[in-house]
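Participant: have a look at this prediction, sequence included:
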Amino acid sequence: MVTGTQHVQEDDRPRPDASSVRRWRQYLADERAEASVYRDLASHRGGEEREILLALAEAEGRHEAHWLGLLGEDPGRDRRPDVRTRVLGMLARRFGSVFVLALAQRAEARSPYEQDPHATAAMAADERIHEEVVRGLAARGRQRLSGTFRAAVFGANDGLVSNLSLVLGVSASGVGTSFVLLTGLAGLLAGALSMGAGEYVSVRSQRELLEASTPDPQAQSVLPELDLDANELALVYRARGMEPEEAEAHAAEVLDGPRLGQIDVPPVEEVDEHEAIGTGLGAAVSSFCFFASGAVIPVLPYLLGLSGLTAVVVAAVLVGITLLATGATVGLLSGASPLRRGLRQLAIGYGAAGATYLLGLLLGTGTA
């Protein structure tokens with residue numbers, strides 16, 4: 001009798017419409033694929049990062065169970081994950097780099113669960129927190145890349161935009177092709193050397209400023225001779241930002257305990273700043289090479305024997321494609337929209353080059 005009642009109650013439940021079922025199956029496929037992405041990323045890592053990624057995969061498994069519960073015993077034919085998730089999985093299996101983590105961060109940010117009435121509030125909250133977890137993991141890689149990557153991106157874009165502007169401006173003035181080519185090559189060499197030297201000086205100066213703020217190891221040797229009543233060690237900690245009472249207590253602990261002869265090292269975040277800046281030589285070499293690789297692109301049509309308007313158009317198209325690529329790369333690394341960042345780079349580069357080209361036309365007309 002009870003069984004019959006239960007059967008009637010189950011039959012009386014409203015059946016989900018076809019669109020809901022399709023959506024649930026898509027969610028199920030995406031959750032399974034995202035869990036696989038995190039497991040693949042974990043296979044490229046060890047220690048704490050591996051544990052975090054496996055925990056994320058387990059959380060995606062709980063979401064998978066939710067959609068299986070709604071679909072019932074017969075979830076239907078497996079659907080393919082969306083294109084973005086499939087691409088993400090492919091990259092995770094082969095690379096496991098910070099770029100994949102940045103893409104995973106964007107994927108978590110696009111979760112539709114907050115607007116879907118069939119997803120629980122806990123699932124929507126999970127996805128939001130997953131984004132922050134992946135952001136934290138990606139931040140470690142971004143910090144390691146930030147010094148030389150910054151120099152590389154800035155160098156390439158400076159080479160592209162400045163030499164395109166130079167070549168177009170000179171070409172618009174009406175001079176011969178050989179003069180345009182010579183100007184472009186001179187701009188490449190001068191700009192690359194200038195970028196490399198400037199980046200080296202900039203990074204070295206910044207590292208020296210940070211090193212000047214690092215405690216002197218020689219100061220540790222005088223700690224046993226300090227006047228315990230005056231306790232000037234407390235001034236060191238107050239200068240680093242401690243409150244007077246906290247500084248006094250901390251200094252007394254150092255002077256009175258087994259750590260005598262050791263001044264505390266700087267906080268971790270201060271030490272990490274050196275890593276984030278990168279080395280002067282690495283930044284200089286990156287700037288030189290990437291500026292040169294960018295600056296040679298506007299010159300390529302002239303090196304291949306093109307001239308006049310044809311060379312100008314080909315140079316502009318080649319630079320435009322490269323600007324889109326570098327902008328998209330920055331977008332991927334930062335977790336932003338690659339298309340939007342690429343279009344922004346393109347607009348800035350073409351704006352500068354277009355202004356210089358118009359100026360060259362005016363100068364050429366005036367000279368004529």
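Facilitator: Received, thanks. Only a predicted model underlies this, so the values are computations on that prediction, with no experimental measurement involved.
Participant: what's next to stretch 352-360, contact-wise?
Facilitator: 161, 164-166, 168-173, 312, 316, 319 (C-beta atoms under 8 Å, 6 or more residues apart in numbering). Every C-beta, even on glycine, is put in place using the N, C-alpha and C of the backbone.
Participant: sort out for me which of these are in helices.
Facilitator: Val161, Leu164, Ser165, Leu166, Leu168, Gly169, Val170, Ser171, Ala172, Val312, Ala316, Val319 (DSSP state H).
Participant: neighbour-wise, which one of those residues leads?
Facilitator: Leu164 (32 neighbours; other C-beta atoms under 10 Å).
Participant: so that one touches Pro298, yeah?
Facilitator: Yes. If you go by C-beta atoms under 8 Å, Leu164 and Pro298 touch, sitting 4.1 Å apart.
Participant: which of the residues in the helix or strand harbouring Gly351 are buried?
Facilitator: Per DSSP states H and E, Gly351 falls inside helix 338-367. Neighbour-count burial for helix 338-367 flags 338, 341-346, 349-350, 352-353, 356-357, 360-361, 364 (criterion: 16 or more other C-beta atoms under 10 Å).
Participant: quick one: mean pLDDT for that helix?
Facilitator: Averaging pLDDT along helix 338-367 gives 82.
Participant: what do you get for stretch 185-200?
Facilitator: 88.
Participant: report the distance from that stretch to the chain centre.
Facilitator: 26 Å (C-alpha atoms, centre = their mean, to the nearest Å).
Participant: just the helices in this protein please.
Facilitator: 2-12, 18-43, 47-71, 83-94, 98-109, 121-172, 177-212, 233-239, 244-256, 268-277, 280-295, 300-303, 308-334, 338-367.
Participant: ok, which of the ones you listed comes nearest Gln115?
Facilitator: helix 121-172 (8.8 Å; C-beta to C-beta).
Participant: got the angle between that closest one and helix 177-212?
Facilitator: Here helix 121-172 runs at an angle of 140 degrees relative to helix 177-212 (axes from the mean of the first three to the mean of the last three C-alpha atoms, to 10 degrees).
Participant: stretch 238-253: which residues count as buried?
Facilitator: Arg238, Met242, Ala247, Glu248, His250, Ala251.
Participant: swap that for stretch 185-193, sorry
Facilitator: Per 16+ other C-beta under 10 Å, stretch 185-193 contains these buried residues: Leu185, Gly187, Leu188, Gly191, Ala192.
Participant: now the helices of the chain in a markdown table, with distance to Gln115?
Facilitator: Formatted as a markdown table, the helices of the chain follow (distance: least, C-beta to C-beta, whole Å):
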| stretch | distance to Gln115 |
| --- | --- |
| helix 2-12 | 29 |
| helix 18-43 | 11 |
| helix 47-71 | 16 |
| helix 83-94 | 18 |
| helix 98-109 | 14 |
| helix 121-172 | 9 |
| helix 177-212 | 45 |
| helix 233-239 | 51 |
| helix 244-256 | 48 |
| helix 268-277 | 37 |
| helix 280-295 | 42 |
| helix 300-303 | 48 |
| helix 308-334 | 25 |
| helix 338-367 | 22 |
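Participant: enumerate every residue touching the residue nearest to Val296 when sequence neighbours are not counted.
Facilitator: Sequence neighbours aside, Leu188 is the residue nearest to Val296 in space, at 6.0 Å (criterion: C-beta to C-beta, 6 or more residues apart in numbering). With contacts defined as C-beta under 8 Å, 6+ apart, Leu188 is in contact with Gly159, Asn163, Phe291, Ala292, Ala295, Val296, Val299.
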